[in-house]
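J.: following is a predicted model, sequence given first.
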Amino acid sequence: MTRVLVIDDEPQIRRALRAGLERNGYAVTVAASGEEGLDEAALHPPDVVVLDLAMPGTDGFAVCRQLREWSHVPIIVLSVREDERDKIDALNLGADDYLTKPFSLDELIARMRAVLRRAGAGDEPGTPTFTAGDLQVDFARRIVCLAGVAIHLTPTEYELLRTMVLNEGRVLTHRQLLAKVWGAEYVDDTRTLRVHIAHLRDKIEADPTSPRYIHTEPRVGYRFRYRP
């Protein structure tokens with residue numbers, strides 16, 4: 001059974017999400033603060049975290065930042081804020097998706113399934129590893145190494161890199177990448193794609209401003225091609 005950790009300071013939101021998700025077959029744990037949520041995530045690791053951004057004390061941004069220091073768990077952030085900057089900041093901190101309150105339970109479940117699908121990754125290639133320069137991707141173990149050292153990627157970052165690696169040398173359009181990694185409903189969300197590409201470059205490129213692996217095809221998309 002999929003384990004969901006809901007971190008939200010609003011009692012009515014916690015009650016509604018627990019009831020709705022449990023009706024749909026999920027095992028739900030709730031936390032009323034960021035501190036409580038971090039403790040719960042450490043003691044009983046969930047499969048997905050649903051995280052409110054606007055909480056007193058340790059807010060959702062801080063929780064996301066701290067979780068990403070030691071966990072790959074998919075994170076969906078919730079907020080009443082509609083400022084696009086908040087969405088970008090949350091993605092920059094490692095969140096995998098973003099919902100603005102009010103939202104429907106069906107939409108949340110669809111987003112959860114999408115991030116869990118990306119984290120679970122089916123359809124692995126026949127070859128167990130891919131190597132280009134100092135970069136190595138172990139598909140079986142979902143581990144990415146640079147110069148022999150494992151690097152921390154979020155589930156979404158890994159799936160984005162995996163998709164490009166499996167299409168080495170081919171230009172993938174923005175819409176193709178968004179549909180493959182995020183789902184068909186995201187095909188116009190190019191800003192989200194740019195944020196994740198920038199994060200991926202920061203982690204695998206020696207100089208992100210002059211990439212050797214992930215190359216931009218202006219106004220079209222991206223291409224993975226190793227250039228020494």
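T.: Noted; the coordinates are in hand. Numbers count the residues shown, from 1 in each chain.
J.: in the helix or strand of the chain with the lowest mean pLDDT, what's buried?
T.: None of the helices or strands of the chain scores lower by mean pLDDT, DSSP states H and E than helix 84-92, at a mean of 83. Residues 86-87, 89-91 are the ones in helix 84-92 that count as buried (16 or more other C-beta atoms under 10 Å). To be clear about C-beta, it is placed using only N, CA and C from the backbone, and glycine gets the same treatment.
J.: next one: stretch 29-38
T.: 29-31, 33-35, 37-38.
J.: give me every residue that touches the residue positioned nearest the centre of the chain.
T.: Computing the C-alpha centroid of the chain and ranking residues by C-alpha atoms, centre = their mean puts residue 96 first, at 2.8 Å. When contacts are counted by C-beta atoms under 8 Å, 6 or more residues apart in numbering, residue 96 touches 74-76, 115, 118, 154-156.
J.: the residue lying closest to residue 76 once chain neighbours are set aside: neighbour count?
T.: Residue nearest to residue 76 in three dimensions, not counting chain neighbours: residue 97, with 4.6 Å by C-beta to C-beta, 6 or more residues apart in numbering. Using other C-beta atoms under 10 Å, residue 97 has 25 neighbouring residues.
J.: surely residue 97 meets residue 79?
T.: No: contact between residue 97 and residue 79 fails when scored by C-beta atoms under 8 Å: they sit 11.9 Å apart.
J.: can you show me the strands along this protein?
T.: Secondary structure of the chain by DSSP state E: the strands cover 3-7, 27-31, 48-52, 75-79, 97-100, 129-132, 135-138, 143-146, 149-151, 171-173, 214-217, 221-224.
J.: and stretch 165-177, which residues are buried?
T.: Here stretch 165-177 shows 165-167, 172, 174-177 as buried, counting by 16+ other C-beta under 10 Å.
J.: what lies in contact with it?
T.: Here stretch 165-177 makes contact (C-beta under 8 Å, 6+ apart) with 125, 130, 132, 137, 160, 163-164, 180, 187-188, 190, 193, 217, 220-225.
J.: apply 7 Å and report the result again.
T.: With contact meaning C-beta atoms under 7 Å, 6 or more residues apart in numbering, stretch 165-177 is reached by 125, 130, 137, 160, 163-164, 187, 190, 193, 217, 220-225.
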